[in-house]
Structures are given as structure tokens and as C-alpha cells.
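*Asks:* fold the following.
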Amino acid sequence: MSVVLRGQPSLRHSREAAVLLASLLLLGGAFWWTVQWMIARWLETGSYYSHGWLIPLVSVALVLAKRKQLTALRARPCAWGLGVLVAAALLQVLATAWQVGFLSGFALVGAIAGVILVLLGTEMFYQLLFPIAFLAFMVPLPEVLIEKVSFNLKLLAAGAASGVMEALGLAVVREGSYIGVPDGTVVVDNVCSGLKYLIALTAFGALYAYISPLKRQLKPVLFALSIPISFAANVFRVTLMVLVAYIWGVAASEKWYSHDLFGIALFVVALALLWAAESALLGRMRGIRSAGGTVPRPTETPYGAASDSPAGEAVRKSAGAAPRAALCVLALAAVLSTYLAWPRSTPSATNVLASFPLALGDWRGQDFKLDDRVYNILGTRDVLSRSYGNDLGKSLQLVIVLSQQSGKRTHPPDQCFAGEGNTTVSSEDRTVSCSEAAPIRVHELVLDRWDGCRVVWYFYKSGPNLNTSYWRHQAGVALRKLRNPAAADLLIRVDTFVRHGDVEHGRALLLDFLSHSLPPILTSLP
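*Replies:* Numbers count the residues shown, from 1 in each chain. Take a look at the predicted model:
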């Protein structure tokens with residue numbers, strides 16, 4: 001009997017290890033597409049998440065640092081963790097069907113939390129809460145959100161840097177994200193928006209607050225302060241860049257070693273400001289130390305201490321069944337997400353766009369290439385960019401962006417025009433009638449520049465559905481992807497440049513062109 005009793009713990013531990021290993025394998029099966037997508041985003045040229053590689057390593061290091069506390073605890077399965085795991089698995093299936101990587105990434109973090117809760121219990125989950133939550137910083141946000149925030153931060157940084165230069169008595173001229181200095185023009189591009197540094201420094205701020213000796217209730221304050229601190233540090237960086245261009249010329253500010261020095265200066269300033277904020281909060285903490293106390297850890301009831309009551313026995317049975325249920329949930333998620341993420345044969349986007357007619361009524365087209373910076377913003381080269389002209393010498397441009405079975409998404413073109421120094425005069429939806437076709441809705445932008453006026457019409461397409469609202473369009477694409485994972489996401493944009501006060505003439509040109517181009521748009525584009 002004594003041999004059997006000695007063997008029981010070993011058998012139990014072996015079974016727990018087997019369940020944990022099976023859970024990890026099934027997690028890999030359910031989230032292989034997610035990891036593949038995140039790595040691709042981390043490796044992109046000019047990626048905002050090039051620090052993504054470090055996040056899992058830091059989380060693992062934090063777990064290893066707690067190994068003494070963890071080994072002193074006993075694993076007690078927690079049935080209510082199944083709710084977290086089921087929600088994460090459902091989100092993963094939907095995110096895979098929609099090819100929405102950031103949702104899938106957060107589903108992965110939720111699934112890890114659910115597995116730990118189910119297999120190891122609430123006390124171990126409490127110890128691992130920050131390392132798990134820290135993994136959220138490795139998940140890239142949607143590119144459309146990144147571009148919008150980056151654009152606005154770029155303008156704010158350019159405006160703040162110009163203000164600092166003028167306060168120093170140095171005359172500069174700012175136009176959008178362009179800052180004119182005596183030697184030329186400094187371009188505050190997406191890298192200079194500071195968003196890349198904001199994301200990385202926010203992750204660093206979370207880690208800094210976690211290891212800080214601050215009281216628990218003040219740690220979120222220090223973390224929140226890391227956001228304005230990183231923006232202030234970036235303003236210092238951009239100001240330094242403009243100052244170098246002002247004194248030694250624009251070429252000096254664009255040299256690779258200058259950018260490296262500017263980046264180092266940003267991190268030094270940010271770290272100094274974080275330390276100053278922590279010191280101020282520590283002083284505040286000393287003043288209120290008497291009101292201390294610790295936040296109690298969650299107890300293990302009802303899954304901790306044993307109970308002789310019938311209710312306690314039922315709880316133990318449900319907790320014991322939870323690991324098996326978790327394996328079933330992970331297995332189902334792995335099967336469904338693999339089916340939805342598996343590449344399908346679709347018509348080549350390049351062939352689809354290249355087959356669009358060059359001749360449309362009186363209009364004749366000629367392809368041209370966009371600037372590489374524009375392709376980077378779009379996140380794809382599946383773009384038709386074509387200039388059309390007619391016999392009267394009038395010209396306009398057609399741009400079609402196609403995203404098909406891909407994590408890439410179209411995005412509103414408004415910010416691109418604003419970043420080029422255009423001022424938005426009006427932005428509204430219009431209903432236009434194109435010859436024999438039914439009336440359609442387009443979104444119109446009227447943009448003003450010193451040398452003229454640009455009239456832009458654009459709309460989105462997915463299958464037979466046309467829309468002028470980006471978010472309504474994306475919701476429609478998401479629903480279509482549940483039925484057809486290869487559903488297309490298109491942006492169609494036409495624009496022309498006219499003299500000031502000649503907007504109606506520009507509208508007439510766009511209407512004439514759209515009357516000839518709408519039939520192939522509806523029939524030849526997916």
C-alpha cells in the first residue's frame with residue numbers, strides 16, 4: 001500500500017505535465033497564423049513593433065524571477081478559467097476568419113491567461129498576471145489606426161518643434177509636416193511622429209512601473225505618465241533635428257549617425273523624465289506611508305482548501321474536469337482557425353488590376369508608380385495607379401487599392417493628402433448619377449493648396465457592396481469573410497487638380513470619367 005501511495009503523487013504530476021504539454025501544442029495549433037502574422041509585422045521595414053521580439057523574452061525572464069514563489073504553490077485547477085479560454089478561442093476563430101491580426105494577437109494573450117487559470121489556478125495566475133499582461137505589448141495594432149495616430153502625432157511634433165524654434169528666436173516656416181529652414185526643408189516623416197518610440201517606451205514604462213518600489217496604487221500613475229513623457233522626449237528629438245538642420249544644413253540632419261544620436265537623446269530624456277516622475281511619486285508615497293497596507297491576494301476558495309460539504313465536493317469535481325474541457329476547447333479552436341487561415345487559391349491581385357481597361361470612353365490611361373513611402377503607408381503593392389487624359393487636354397488620376405485574403409486593410413486617403421500640405425476645404429458624402437448606372441454614393445474631399453485646388457471622390461467596394469464609410473465597409477468585409485475567407489477589400493479613388501474657384505469643373509470631369517469607369521469597376525473588380 002505504501003508503494004502505491006508513494007506512486008500516486010508521481011502519477012498525478014506526470015498527468016499534469018502531460019496535460020500542460022498537450023495544451024501548449026494545441027495553443028500552437030490554434031495560433032500558428034497569429035505568430036506568423038506578428039513576426040511578419042515585427043520584421044517589416046520601418047516597423048513600429050521591431051521591439052516585439054523582446055516582449056516574450058522579458059515575460060519569460062519575469063516568470064523565471066518568480067520561480068521560488070511559483071514552486072512553493074500547488075497547482076489547483078480553476079473551472080471558471082474556462083470562461084476566459086472559451087472567449088479567447090471564439091475571438092481567435094472570428095479573427096482568423098476576418099484575417100484581423102491584432103484581434104488574434106489579443107486572443108492569444110487571453111488564451112494563455114485562460115490556460116494558466118484552468119490548469120494552475122488563481123494563486124499562480126495572480127503571480128503571473130503581469131508577465132501575461134505584458135505580452136499585449138508584442139501585438140501590433142491595426143495599420144489604419146497606426147497610420148492615423150502617427151499622422152496626427154507627426155503634425156503635433158512638427159508644430160511643437162516649430163514653436164520651440166521660434167521661442168529660441170530662430171525663424172522657421174511650417175507647412176503640415178514640412179519645416180522650412182534657411183538651407184532647405186526638414187520632413188517630419190512617420191518615423192519622426194514618435195509613435196514607434198511611444199509604443200516602445202510605453203512597454204518600457206509598464207516594466208519600469210512594475211519593478212519600481214512604488215506602492216501598488218501609484219504604479220499605474222507612473223505607467224500613465226510614460227505616455228506624455230515619450231511624446232515630450234520625441235518633441236525634444238525633432239527639435240534637435242531641426243536645430244541641426246538650421247545650423248549645419250538639412251543634409252547634416254539626415255545622415256545616419258545623426259538619426260542614431262537623435263534616437264539615443266530621446267531615450268536618455270525619456271529615462272530621465274521617468275526617473276524624475278518616480279522620484280516625485282516616491283516622495284508622495286513617503287508622505288502617505290502611514291496609509292499603507294497591501295492588496296490581499298485572491299484566496300483559493302472555492303478551489304483551494306478542501307471542504308467536506310456536498311457543495312465543496314461538486315466544486316472539486318468540476319475543477320478536476322476543467323483541464324479536459326480546456327483541451328477540447330483548444331483542439332476545436334486549432335481545427336477551425338487552421339481551416340480558416342489556410343491559404344486559398346484566388347485570382348492574382350496583380351492580374352486583376354492590370355486587366356482594368358486603359359481606354360474608357362474618351363479617356364486614355366497610362367500607369368505610373370507611386371512613391372515607395374506611399375506603398376509603405378498602404379502596406380501593399382497591390383495598387384493600380386493610373387493617369388487618364390482626354391482629347392480636351394484634361395487629366396485626372398485613378399488609384400485602386402486591393403486587399404484579398406490578407407491582413408492588409410484599405411484606409412481613408414484623407415490623411416495622405418493632409419500630410420502633403422493640403423488644407424481640407426470640405427469633406428462630405430455626395431450622390432452622383434453615372435449615365436445608365438444606378439446612382440452611387442461617393443465621399444468628396446475638396447483640398448486647397450497654394451497653387452490650386454484638388455477634388456477627390458472615393459468609395460470602398462467588397463463584392464457588389466459599395467460604401468463611403470470606412471468602418472461600415474470593414475464590418476461588411478468581416479461578415480463576408482465568414483462565408484468567403486478570400487473576400488476582397490477595395491478602395492477606389494479618382495481625383496483631379498483645378499484652379500481655385502473651379503470646383504464645379506472638377507466635379508464635372510470626375511462625373512464624366514466615373515460614368516465610363518463604373519461598369520468595369522462593378523464587373524471586373526472582386
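*Asks:* let me see the ranges of the helices in the stretch 351-500 of the chain.
*Replies:* Secondary structure of the stretch 351-500 of the chain (DSSP state H, counting those that start in this stretch): helices located at 372-378, 414-419, 470-483.
*Asks:* packing partners for the helix ranked longest in the chain?
*Replies:* With secondary structure taken from DSSP state H, the chain has its longest helix at helix 2-43. Contact here means 3 or more Cβ pairs under 8 Å, 6 or more residues apart in numbering; DSSP states H and E; on that basis helix 2-43 packs against helix 81-98, helix 101-120, helix 310-341. Where you see a C-beta, it was placed from the backbone N, CA and C, and this is true even at glycine.
*Asks:* wait, which of the ones you listed is closest to residue 37?
*Replies:* helix 101-120 (4.2 Å; Cβ to Cβ).
*Asks:* and the angle for the closest one with helix 2-43?
*Replies:* If you take axes from the mean of the first three to the mean of the last three Cα atoms, to 10 degrees, helix 101-120 sits at 170 degrees to helix 2-43.
*Asks:* identify the residues contacting the helix or strand following helix 101-120?
*Replies:* Going down the chain from helix 101-120, the next helix or strand is helix 122-134, by DSSP states H and E. By Cβ atoms under 8 Å, 6 or more residues apart in numbering, the residues outside helix 122-134 that reach it are 55, 58-60, 62-63, 66, 69-70, 73, 75-76, 78, 81, 109, 112-113, 116-117, 203, 206-207, 210, 297-298, 300, 303-304.
*Asks:* of those residues, buried ones?
*Replies:* Buried members of those, counted by 16 or more other Cβ atoms under 10 Å: 55, 58-59, 62, 70, 75-76, 78, 81, 109, 112-113, 116-117, 203, 206-207, 210, 303.
*Asks:* report the distance from stretch 275-283 to the chain centre.
*Replies:* A distance of 31 Å separates the centroid of the chain from that of stretch 275-283, by Cα atoms, centre = their mean, to the nearest Å.
*Asks:* same question but for stretch 89-96, I mixed them up
*Replies:* Offset of stretch 89-96 from its chain centre (Cα atoms, centre = their mean): 17 Å.
*Asks:* what's the answer for stretch 113-120, then?
*Replies:* That offset, for stretch 113-120, works out to 27 Å (Cα atoms, centre = their mean).
*Asks:* so which bits of the strand or helix carrying residue 521 are buried?
*Replies:* Following DSSP H and E, one finds residue 521 within helix 503-524. For helix 503-524, the neighbour count (16+ other Cβ under 10 Å) marks 503, 506-507, 509-518, 521 as buried.
*Asks:* how about stretch 159-176?
*Replies:* For stretch 159-176, by 16+ other Cβ under 10 Å, it's 159-162, 164-165, 172, 174, 176.
*Asks:* among the residues you listed, which two are most distant?
*Replies:* Spatial extent of these (Cβ to Cβ) is set by the pair 164 and 176 at 17.8 Å.
*Asks:* list of residues touching stretch 363-381?
*Replies:* The contact list for stretch 363-381 (Cβ under 8 Å, 6+ apart) reads 45-46, 143, 147, 189-190, 357-359, 383-390, 398-399, 401-403, 406, 408-409, 411, 416, 513, 516-517.
*Asks:* average pLDDT for that stretch?
*Replies:* Averaging pLDDT along stretch 363-381 yields 79.
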